[in-house]
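**Q** quick one: sequence and predicted model below, then my questions.
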Amino acid sequence: MISLAELKRRIDSGDLSAAAAVDQSCAAISAHDKTIGAFVCRAETVRVASAGPLRGIAVGIKDIIDTSDFPTEMGSPIYRGWRPRADAPVVAMLKQAGATIVGKTTTTAFASRDPTATLNPRNPDHTPGGSSSGSAAAVAAGMIPLALGTQTGGSVIRPASFCGVAAIKPSFRLLPTVGVKCYSWTLDTVGLFAAGVEDLAHGLSAMTNRPELLPGAAMQAPRIGVVTQDFAGLPEATSGEALRIAALAAERAGASVRTLALPEIVAEAWQVQPTVQEFEAHRALAWEYRTHYDAMAPLLRAKLDETVGLLPADYDAARRIANRARKALAKAFDEVDVLLTFSAPGVAPKGLDWTGDPRFNRLWTLMGAPCVNIPATVAEGGLPVGVQVIARFGDDTGALEAARFVEEALAR
């Protein structure tokens, strides 16, 4: 994979020009994307900025995010050839930081559940995950150092785990979702994929102009609460082993590690998350569902059919539970700095007919907390398994610092 931080160091030192760095990514895309299928469209010519902290950094944009230079088709024939007039703010933020947008990456239809044709670079017989399939695969295949995705249930952290890359789902609304096709306005969150945690920190810091997100010279050993999310069901053995390995590595490196039980209201929030998600999806996709019903992707259409009877009273009750759970979770962070838990139930499922289960992700998206995936181990078949570090809402710096601590502990 291509390290964004290493590219930045080489460009800043004059060892590599920004144009040469982007050319390397374009050549890698040409060499590998015929096999992987991570991109839906690419720039015929690229304009490389001469200034900015992300100059020389080639970026892929998930195809539900508006771009003025490329179509935004949202993984659906309903929007085939659709050309937005303006960039979404997150794309404008990247360009302002000097990044070069080299193409749009594949997404499941409207960032829901119908798989793309993208292959997992680690094992092409297995899904790369979704809905940010192309963004995770493009980084994992060494085509680009940075990609944008989105998460409503588990669409950043889960594919990152399946493809063996680092990723962050930041705190809710740290990155604006204006110009991003909405599925659920309470949940939709823009996230980043990169080779490692340091790369994520540089990318997110440059986008947001927040220097506090940059990695510090020294890391403090965090207080870690291991959470097994029993309410979400049992993980596969591979994810259980990944969490055990990561917790042990962190403890050996000096972290305080303890098992933490979550308040019961948090489990209730996990139960009602689908009510919030699907009630809002019916509003966000009302035009498509009413006027292009037959063109809707089949799994998404079936889910909307199944949930058409959700009532405002159900939605209001679910939101009240979520608000109570957020307050209870905030108090849990009085005891620990971060949580450590599963990124996915196990390795990427075999086949391309399913993108995997978000049951270990959806709570944290509802809570709005920052989540960082770290590759923890590799199972049979070369399939990666990640763990996620979760910090208090708004503490994205702490999430990145603790994730880097765990990442370095695993590398020892």
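**A** Done, it's in.

**Q** check the gap between residue 56 and residue 335 for me.
**A** 43 Å (C-beta to C-beta, to the nearest Å). Where you see a C-beta, it was placed from the backbone N, CA and C, and this is true even at glycine.

**Q** between the two, tell me which one has more neighbours.
**A** Between residue 56 and residue 335, counting by other C-beta atoms under 10 Å, residue 56 is the more crowded of the two (28 against 10).

**Q** what's the pLDDT at the more buried one?
**A** Residue 56 carries a pLDDT value of 98.

**Q** these two touch, right, it and residue 19?
**A** Yes - here residue 56 reaches residue 19: they are 7.4 Å apart, a contact under C-beta atoms under 8 Å.

**Q** any common contacting residues for these two?
**A** residue 48 (C-beta atoms under 8 Å, 6 or more residues apart in numbering).

**Q** where do the helices sit along the stretch 101-250 of the chain?
**A** 133-140, 157-163, 197-208, 237-252 (DSSP state H, counting those that start in this stretch).

**Q** wait, which of these is closest to residue 329?
**A** Residue 329 lies closest to helix 157-163 among the helices of the stretch 101-250 of the chain, at 17.0 Å (C-beta to C-beta).

**Q** what lies in contact with that closest one?
**A** 120-122, 126-133, 135-137, 139-140, 149, 151, 166-167, 169, 191, 193, 343-344, 347-348, 355-356, 358, 361, 364, 371, 373, 375, 383-386, 388.

**Q** try 6 Å this time
**A** Residues outside helix 157-163 that contact it (C-beta atoms under 6 Å, 6 or more residues apart in numbering): 128-129, 132, 136-137, 140, 167, 169, 343-344, 348, 356, 358, 361, 371, 373, 386, 388.

**Q** likewise stretch 43-60?
**A** Taking C-beta under 6 Å, 6+ apart as the rule, stretch 43-60 contacts 4, 11, 18-19, 21-22, 25, 94, 97-103, 105, 135, 138, 144-147, 206.

**Q** picking up where we left off before, so can I have JSON lines of the helices of the stretch 101-250 of the chain showing mean neighbour count?
**A** Putting the helices of the stretch 101-250 of the chain into JSON lines (neighbours: other C-beta atoms under 10 Å) gives the following:
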{"stretch": "helix 133-140", "mean neighbour count": "34"}
{"stretch": "helix 157-163", "mean neighbour count": "35"}
{"stretch": "helix 197-208", "mean neighbour count": "26"}
{"stretch": "helix 237-252", "mean neighbour count": "19"}
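
**Q** for residue 312, which of these is the nearest?
**A** The nearest among the helices of the stretch 101-250 of the chain, by C-beta to C-beta, is helix 157-163 at 30.0 Å.
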